[in-house]
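Peer 1: Structure, please.
(one chain, ligands or ions: 2)
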Amino acid sequence: MGSVPKLPTINFSIEDLKPGSASWLSTAKQVRFALEEYGCFVALYEQISEELLNNMFGQAKDLFEIPKENKVKNVGEEPYRGHMGPNPGLPLYESLCIDNVTSPQETQKFKNLMWPEGKSNFCETTDSFGQLLADLERTVEQLLFESYGIGKQYESVGSSNGHLLRFIKYTVPEDNDTTLRFPSHTDINFTTIVVQHDIAGLEVKTKEGDWINVECKPSQVQLVFMAGDGLQVWSNDRVKACHHRVKHCGNKTRYSIGLFTFNNGVFQVPDELVDESHPLLYNAFDSRAFIRKYATTPELKKEASPIKAFAGVKA
Ligand SMILES: O=C(O)CCC(=O)C(=O)O
Ligand SMILES: [Fe+2]
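Peer 2: Numbers count the residues shown, from 1 in each chain. Ligands and ions are numbered 1, 2, ... in the order given. I've put the predicted structure just below:
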């Protein structure tokens, strides 16, 4: 048996990570390599302090304590953008989310719905946390686009991206044999950053089919950046969406937080990413149309690759 592979780790805490600097260029190479080889990487990101991380997870725990009748008021205008679970398919999972988390009015609206009587520090903590994660997401995208020599095109995709912050809770199963909390999937949005806290459980699949367990180090803020279906389309399959699942959380409730980037426009594979060895694989892509269809069409969910069935160029 071979040794267990390790995920690439990329440091985004560097102070002089500015466009054009030596560290910018070397980080762009690392981002491209990691995403092309693994569809994901671990990001070190000290801009989020341990204190902010602990405060954010403190707020997340409080959130799940509120009555169900308040939680179900968290509804979204698009599928997968509101309160979810637990349900027969995902009996151990529950989540709530704030769409457009980079807009302070949205955090405020969410707080007023969940805690009409008020909640101290929720907005300050969530606004800082959401903003920092969205900054990281934009930086990674900018670096990736530049690594393909088309940095100028980031603005046209990035300007129609929105950031959704999801608070997730996994409860302990009654029988100890159930280890799977969330089955293997790719995210149907553009990219995702998963933040684990004190309990690991996230696993990502390599090209070879091995599962890598992403550790948590309590002393370090470690995030997992993952490509979703949208980035797979944009990159014309140079980057594949990361298959991941949640397993083995032991006998403790696990909390995680995800920043899900959704593209709200229509984009095309850049001409620069199409050549003889990379023929065009996708038609112009409307991510919202894909997600609506995915949510309402059981046959599409059953496809080996729903994204190819929806947007793939037919041979
Ligand atoms: O909780 C996690 O670590 C991952 C959650 C996840 O994959 C998802 O919500 O799509
Ligand atoms: Fe996921």
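Peer 1: rest of the way, CA atoms for contacts and neighbours
Peer 2: OK.
Peer 1: And the residue nearest the centre of the chain, how far from ligand 1?
Peer 2: When Cα atoms, centre = their mean is applied to the chain, the residue found nearest the centroid is residue 192 (1.4 Å). The gap separating residue 192 from ligand 1 is 8 Å, by Cα to the nearest ligand atom, to the nearest Å.
Peer 1: looking at the protein, which helix or strand is least sure?
Peer 2: Of all the helices and strands that make up the chain, strand 180-185 has the lowest average by mean pLDDT, DSSP states H and E, namely a mean of 92.
Peer 1: Does ligand 1 have contacts with it?
Peer 2: No: using Cα under 6 Å from any ligand atom, strand 180-185 stays clear of ligand 1, with a minimum separation of 7.0 Å.
Peer 1: Can you list the strands that that strand pairs with?
Peer 2: Taking DSSP bridges as the criterion, strand 180-185 pairs within the sheet with strand 244-247 (antiparallel).
Peer 1: Can I get the helix or strand following the strand it pairs with in PDB, CA atoms only?
Peer 2: Along the chain past strand 244-247, the next helix or strand (assigned with DSSP states H and E) turns out to be strand 254-263. Output in PDB follows, covering the C-alpha atoms of strand 254-263 (Å, rounded to 0.1, in the frame of the first residue of the first chain):
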ATOM      1  CA  ARG A 254     -19.300  19.000  14.600                       C
ATOM      2  CA  TYR A 255     -19.700  22.500  13.400                       C
ATOM      3  CA  SER A 256     -18.200  23.900  10.200                       C
ATOM      4  CA  ILE A 257     -18.700  27.100   8.200                       C
ATOM      5  CA  GLY A 258     -18.500  27.400   4.400                       C
ATOM      6  CA  LEU A 259     -18.200  30.300   2.100                       C
ATOM      7  CA  PHE A 260     -19.900  29.300  -1.100                       C
ATOM      8  CA  THR A 261     -19.200  31.500  -4.100                       C
ATOM      9  CA  PHE A 262     -22.000  31.600  -6.700                       C
ATOM     10  CA  ASN A 263     -21.800  33.000 -10.100                       C
END
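Peer 1: Could you list the residues in contact with whichever helix or strand comes after strand 254-263?
Peer 2: Scanning the chain past strand 254-263 towards its C-terminal end, the next helix or strand to appear is strand 266-267 (assignment: DSSP H and E). Among residues not part of strand 266-267, those counted as contacts by Cα atoms under 8 Å, 6 or more residues apart in numbering are 157, 234, 284, 285, 286, 287.
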